[in-house]
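> Make a model of this:
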Amino acid sequence: MTTSRMPALFLGHGSPMNVLEENRYTAAWRQLGETLPRPKAILAISAHWYTRGTAVTAMEFPKTIHDFGGFPQALFDTQYPAPGSPALAAQVQQLLAPTTVTADTGEWGLDHGSWGVLIKMYPQADIPVVQLSIDGTQPAEYHFELGRKLAALREQGVMMVASGNVVHNLRKVKWQGDTSPYPWAESFNHYVRDNLTYRGEHHPLVNFMQHEGAALSNPTPEHYLPLLYVLGSWNGEEPIGVPIDGLEMGALSMLSVQVG
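Numbers count the residues shown, from 1 in each chain. Presented below is the predicted three-dimensional model:
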């Protein structure tokens, strides 16, 4: 293993308001940006680009997407003008073959799942970013395997930054009063932490729906699946750490995972 191998990150992104706020989670993301080796480019994988089929942003200048509602105007006014990288997008297509990956040259851009964390890590927006969509028609194993294929990029100065929440049940969120975690949320969050370094067949975090708390923790899988790309890129020897953890509003895990 060479020291040039870039880390892979899964960041629990939580509320879009983290863009405007400073808290212990945003402080952890900022510290990652300040202490990790500086990447040549970033491959972002966000829960918020959930598609039929797989696509990759392939434009020179991806737009900042404000894919949310009901937040202060200051959030909609925030831009993250990071350049794109058509060359990296083409490389992603090659690495994932024979899976068909559509080159998106105008429709998408960077959604808040990606720019919302990158704006804390790299506020200058001067590192090229390419975003990969999550094919919602495919099983968990598929996403884990794509992570394995994408690991080659980490040897070439590309950092993988995946973003979601391993517990994400907005219907159960406690907006006020007692915001202590639900037992099922706490149990599932521990389950994820306890199995990050699993080696062997039938990875329990790929087969995550077998856990008794999984269905409530993830009524839909899109916020969980980005983690599997990062775990898939693990070579089995690198350290795996948890830069920050926490359960907010009872049903939202802010767990972040660093590989390498």
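
> Would you mind listing where the chain has pLDDT under the threshold?
For the chain, the stretches with pLDDT under 70 are 1-3.

> how would you label the closest residue to residue 39 other than its chain neighbours: helix, strand or coil?
Excluding its sequence neighbours, the residue lying closest to residue 39 (Cβ to Cβ, 6 or more residues apart in numbering) is residue 159, at 3.7 Å. (Each C-beta comes from the backbone N, C-alpha and C, glycine too.) Under DSSP: H, G, I helix; E, B strand; the rest coil, residue 159 falls in the strand class.

> ditto for the one 3 residues further on
Assigned by three-state DSSP, the conformation of residue 162 is strand.

> can you tell me which residues contact it?
8, 9, 10, 11, 44, 45, 46, 226, 227, 229, 230 (Cβ atoms under 8 Å, 6 or more residues apart in numbering).

> Relative to the host helix or strand of the fifth one, what are the paired strands and their orientations?
In the assignment (DSSP states H and E), residue 44 maps to strand 41-51. Using DSSP bridges, the strands paired with strand 41-51 in its sheet are strand 129-135 (parallel), strand 158-164 (parallel).

> Of all the ones you listed, which one is nearest residue 25?
Checking the strands paired with strand 41-51 against residue 25 by Cβ to Cβ gives strand 158-164 as the closest, at 11.9 Å.

> next one: the closest one to chain centre, how far?
How far strand 158-164 lies from its chain's middle: 5 Å, per Cα atoms, centre = their mean, to the nearest Å.

> Please apply the same query to stretch 143-153.
Between the centre of stretch 143-153 and the centre of its chain there are 14 Å (Cα atoms, centre = their mean).
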